[in-house]
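Quick one: sequence plus predicted model below, questions after.
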Amino acid sequence: MGSPLVASAATDEALMMLICDGDAMALHALMQRYWRPLLAYAGRIAADDDAAADLVQQTFIRLWQQRERWSPTGTVSAYVYRIARNAALNERRARAARARRDEQRLRADSASPWTPLECLEEKELETAFQRALQQLPTRRKEVYLLAKEEKLSYLEISARMGISPQTVANHLSAAMLDLRRHLREMLER
């Protein structure tokens, strides 16, 4: 795509057509156009301002990943807002499910003490997880730890590591796949 001035004057539909052709600058222009409104929108739905930036980032990642499937049947803004809405609703549902699981775990933990076997299994799982974590490539492990242990957003990790938010998302996704693969045997027991 040409200059930023041309990008700012382009219609949403023109930008989306360029995105469909793999033009990352057009994606950047669309992100600049919709980032703030989507941030407010996702924050209202998810009821979590901290998660809103990650949700908007996920929106544009999903838009880029699904760009070849886009068909101009509606407006680009409706398409982008629908992706953001679905991501925010999924986040809200996942948070509620985690809260229910945590509550159930808390009740189960207080209701009966762990058996020696359960303690052993927990310790084995933690050891296996730490081993799998150590096997991750250095950069991937760093992204994972910043996201999961320090609870940083993609943008915060991006700024800290000097990489793009898309690279952060790629590393995190790959780390999760690697960890699942390494732990599959342990988890299936």
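Nice, thanks for sending it over. Numbering: from 1, shown residues only.

going forward, measure contacts and count neighbours with C-alpha atoms only.
Will do.

Check which residues of stretch 25-41 are buried.
By neighbour count on 16 or more other C-alpha atoms under 10 Å, the buried set for stretch 25-41 is 25-31, 35, 38-39, 41.

can you give me the strands for this structure?
Remark: no strands are assigned in the chain by DSSP state E.

mind showing which ranges of it have poor pLDDT?
Applying pLDDT under 70 to the chain flags the ranges 1-9, 108-113, 185-189.

gap between the most centrally placed residue in it and residue 64?
The chain has residue 58 as the residue nearest its centroid, 5.3 Å off, counting by C-alpha atoms, centre = their mean. Here the criterion is C-alpha to C-alpha, to the nearest Å. By it, residue 58 lies 10 Å from residue 64.

repeat for residue 99
31 Å.

go on, residue 10?
18 Å.

what about the two, which has more around it?
Between residue 10 and residue 64, counted using other C-alpha atoms under 10 Å, the more crowded position is residue 64 (18 against 15).

Looks like that one contacts residue 17 (just checking).
No - contact criterion C-alpha atoms under 8 Å: residue 64 and residue 17 do not qualify, at 11.7 Å.

Cool, thanks, talk later.
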